[in-house]
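> when you get a sec, could you give me coordinates for this:
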Amino acid sequence: MLDNKLPEKSPSKLTQWSEGSGCGCKIAPAILEEILSSSGSFTQSDPRLLVGNSGKDDAAVYQVSEDIAVINTVDFFTPIVDDPFDFGRIAAANAISDVYAMGGKPIFANAILSWPVEKLDPKLAAKVMEGAKSICKTAGIELAGGHSIAAMDPIFGLSVNGIIHPHKIKTNSGAKAGDLIFLTKPVGIGVLATALKREKISDADYLSLIDTACRINSIGEILGNHEEVRAITDVTGFGLLGHLIEMAEASGLSAEIAMPKLPLIAGVQDYINQFIFPDNTYRNWNAFSAKTEGVVGMDLVKLCDPQTSGGLLLSVDPSSIDWFLATMKKENQVIWEIGKFVDQGEKVVKVTN
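Residues are numbered from 1 along each chain as shown. Sure thing, here's the model as predicted:
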């Protein structure tokens with residue numbers, strides 16, 4: 001549990017500066033696919049580029065020697081919370097997560113800052129940077145530099161560099177039929193962020209939002225050393241369903257998940273019952289519903305809620321389950337088993353109740 005506290009009241013509500021927030025402001029999957037396809041971004045010819053756009057993975061990986069590959073990722077977004085320090089923390093944890101999702105070790109980061117300096121006090125931007133530095137310190141890395149512009153919208157994120165052995169890279173495509181699917185964080189960050197923006201969130205639920213979104217996914221670096229964990233991705237703007245579909249399709253499989261096993265952050269169901277959730281939840285559902293069966297009613301919100309700094313989605317060899325559970329206990333990592341991968345079927349994801 002991070003040492004979180006409620007933010008001081010501020011007249012500057014950062015979340016009011018944009019329609020979307022956090023990873024919920026990602027470009028819609030179909031539009032992004034069109035952009036990347038039309039620009040030829042899925043085509044790469046350098047043999048040292050071990051992971052690029054073609055696999056829809058969390059970061060790029062480039063081999064520099066027999067034993068070392070460099071991981072690079074960039075992630076930024078508009079404010080998900082009003083407190084600038086917490087905004088910086090969440091943005092940093094989210095960006096660093098991409099390195100962990102490849103099984104790698106982060107080594108340093110650079111900041112990306114857009115700030116409307118004529119309308120928002122630059123001291124607030126300094127607080128954003130302070131928050132990011134605090135998470136970088138937790139991850140054991142330096143915030144080494146960056147780039148800033150004066151623009152209409154406040155935007156913040158990091159470009160993070162990491163390292164990994166070329167033979168230990170975790171991608172979306174390594175899952176096997178029969179593998180068990182685990183999740184390292186409960187879902188509902190997007191719902192809670194929407195409740196905050198609509199000024200409906202309770203103090204307790206705000207602290208749950210901050211605790212979940214600021215928790216770094218450092219377990220990914222440990223799991224990168226173990227072939228028993230066959231594939232990893234992190235759950236962000238396309239929701240659990242979108243990122244699970246990416247992993248299943250990349251591996252040539254389908255997935256079965258059980259709704260009763262899907263973990264929710266405390267309080268999230270109450271907001272869903274009040275129809276408080278991000279508009280982009282429907283964007284995700286429209287993108288992925290044709291590949292899914294068995295979703296009942298408002299369960300689509302839990303599956304498609306855009307996460308910002310969500311958990312890792314893991315594909316684990318079932319014959320190694322005793323080792324895996326023992327390792328998670330040793331590392332004090334909370335996990336949830338939510339389903340399994342199966343041979344490719346008519347639908348990519350089957351949901352059971």
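> where does residue 107 sit: helix, strand or coil?
Using DSSP: H, G, I helix; E, B strand; the rest coil, the structure places residue 107 in strand.
> quick check: it touching residue 161?
Yes. The pair formed by residue 107 and residue 161 meets the contact definition of Cβ atoms under 8 Å, at 5.5 Å. Every C-beta, even on glycine, is put in place using the N, C-alpha and C of the backbone.
> excluding its backbone neighbours, what's nearest residue 309?
residue 94 (3.8 Å; Cβ to Cβ, 6 or more residues apart in numbering).
> what about that neighbour, how many residues close to it?
30 (other Cβ atoms under 10 Å).
> tell me the pLDDT of it.
Here the pLDDT value assigned to residue 94 is 96.
> quick check: closest non-adjacent residue to residue 131.
Excluding the flanking residues, the one nearest residue 131 by Cβ to Cβ, 6+ apart is residue 88, at 2.7 Å.
> do I have it right that the one you found meets residue 130?
Yes. Counting by Cβ under 8 Å, residue 88 touches residue 130, with 6.5 Å between them.
> ok, those two, which is more surrounded?
Higher neighbour count among residue 88 and residue 130: residue 88, with 31 against 14, using other Cβ under 10 Å.
> give me the neighbour count for residue 108.
Neighbours around residue 108, by other Cβ under 10 Å: 15.
> pull the contacting residues for it.
141, 142, 143, 144, 160, 161 (Cβ atoms under 8 Å, 6 or more residues apart in numbering).
> all helices of the stretch 151-300 of the chain, in order?
Remark: helices assigned in the stretch 151-300 of the chain by DSSP state H, counting those that start in this stretch are 189-197, 203-214, 219-223, 239-251, 268-273, 280-288, 299-304.
> looking at those, which is closest to residue 332?
Evaluated over these, closeness to residue 332 peaks at helix 219-223, with 9.4 Å, by Cβ to Cβ.
> what does the closest one rub up against?
For helix 219-223, using Cβ under 8 Å, 6+ apart, the contacting residues are 97, 99-106, 170, 184, 229, 232, 234, 312, 314, 327-328, 331, 333.
> cool, and stretch 147-157?
Residues outside stretch 147-157 that contact it (Cβ under 8 Å, 6+ apart): 14, 17-18, 74-79, 87-88, 91, 94-95, 110-118, 120, 125, 128, 132.
> how's this structure carved up into domains?
17-168, 172-352 (automatic domain parsing).
> nearest to residue 4, out of those?
Shortest distance between residue 4 and those, using Cβ to Cβ, is found for domain 172-352: 4.7 Å.
> and the closest one, end to end?
Start-to-end span of domain 172-352 (Cα to Cα, to the nearest Å) is 23 Å.
> ok now it, how far from the chain's centre?
Computed by Cα atoms, centre = their mean, to the nearest Å, the separation of domain 172-352 from the middle of its chain amounts to 9 Å.
> pLDDT (mean, whole number) over it?
Rounded mean pLDDT across domain 172-352 is 96.
> what do you get for stretch 150-158?
When pLDDT is averaged over stretch 150-158, the result is 93.
> got the buried residues for that stretch?
For stretch 150-158, the neighbour count (16 or more other Cβ atoms under 10 Å) marks 154, 155, 156, 157, 158 as buried.
> dump those residues into a markdown table; add distance to residue 343 as well.
Below are the buried residues of stretch 150-158 laid out as a markdown table (distance: Cβ to Cβ, whole Å):
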| residue | distance to residue 343 |
| --- | --- |
| 154 | 47 |
| 155 | 43 |
| 156 | 43 |
| 157 | 38 |
| 158 | 39 |
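> show me which of the residues you listed is closest to residue 49.
Residue 49 lies nearest to residue 158 out of those, by Cβ to Cβ, at 21.4 Å.
> give me the distance between that closest one and residue 263.
To residue 263, residue 158 is 27 Å away according to Cβ to Cβ, to the nearest Å.
> before we move on, the earlier item: my guess is the residue nearest to residue 309 contacts residue 308, does it?
Yes. Assessed by Cβ under 8 Å, residue 94 is found in contact with residue 308 at 5.7 Å.
> what's the pLDDT at residue 44?
Model confidence at residue 44, given as pLDDT, is 75.
> ignore what I typed, I meant residue 21.
Looking at residue 21, its pLDDT stands at 56.
> ditto for the one 10 residues further on
Per-residue confidence at residue 31 stands at 78 (pLDDT).
> and it, what element?
Using DSSP states H and E, residue 31 sits within helix 29-38.
> now the angle from that helix to helix 280-288?
Helix 29-38 runs at 60 degrees relative to helix 280-288, counting by axes from the mean of the first three to the mean of the last three Cα atoms, to 10 degrees.
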